[in-house]
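J.: Take a look and give me a structure for this.
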Amino acid sequence: MSMKRTNVYADPEDLALIKEAAKQRGVSEAEIIREGIHLAAMANRVWDEPFDWPTFDGGGAPATKDEVTATVARSVVER
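T.: Okay, the predicted model is just below:
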């Protein structure tokens, strides 16, 4: 992948967090910054066409909080 160099101003507190995250993950500070730029770019992207989300035909009532909790708990126990 071809990359371009740019300069960015950042708060010292943010730079300290980036340095700490890079050290914990074992990657460069630049990698953390590139990931942040990518996430910001994708979060603000405007799509040309609407998403084609799948729909589900279901005539039943929505699941209750207790049903969801029981299903998740059952799944955890089965693992």
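
J.: Going by C-alpha atoms from here, please, whenever you check contacts or count neighbours.
T.: OK.

J.: now what about stretch 15-26, what contacts it?
T.: 28-29, 31-33 (C-alpha atoms under 8 Å, 6 or more residues apart in numbering).

J.: mind exporting it as PDB, just the C-alpha atoms?
T.: C-alpha atoms of stretch 15-26 as PDB (Å, rounded to 0.1, in the frame of the first residue of the first chain):
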ATOM      1  CA  LEU A  15       0.100  11.500  22.200                       C
ATOM      2  CA  ALA A  16       0.800   9.900  25.600                       C
ATOM      3  CA  LEU A  17      -2.200   7.600  25.200                       C
ATOM      4  CA  ILE A  18      -0.900   6.700  21.700                       C
ATOM      5  CA  LYS A  19       2.500   6.000  23.000                       C
ATOM      6  CA  GLU A  20       1.100   3.800  25.800                       C
ATOM      7  CA  ALA A  21      -1.200   1.900  23.400                       C
ATOM      8  CA  ALA A  22       1.600   1.200  21.000                       C
ATOM      9  CA  LYS A  23       3.800  -0.100  23.700                       C
ATOM     10  CA  GLN A  24       1.100  -2.400  25.000                       C
ATOM     11  CA  ARG A  25       0.200  -3.700  21.600                       C
ATOM     12  CA  GLY A  26       3.800  -4.000  20.400                       C
END
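
J.: Go through that stretch and flag the buried ones.
T.: 18-19, 22 (16 or more other C-alpha atoms under 10 Å).

J.: Take those residues and keep only those in helices.
T.: 18-19, 22 (DSSP state H).

J.: Any chance of a markdown table for the residues you listed, columns pLDDT and distance to Trp47?
T.: A markdown table is the format used below for those (pLDDT from 0 to 100; distance: C-alpha to C-alpha, whole Å):
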| residue | pLDDT | distance to Trp47 |
| --- | --- | --- |
| Ile18 | 97 | 30 |
| Lys19 | 97 | 33 |
| Ala22 | 97 | 32 |
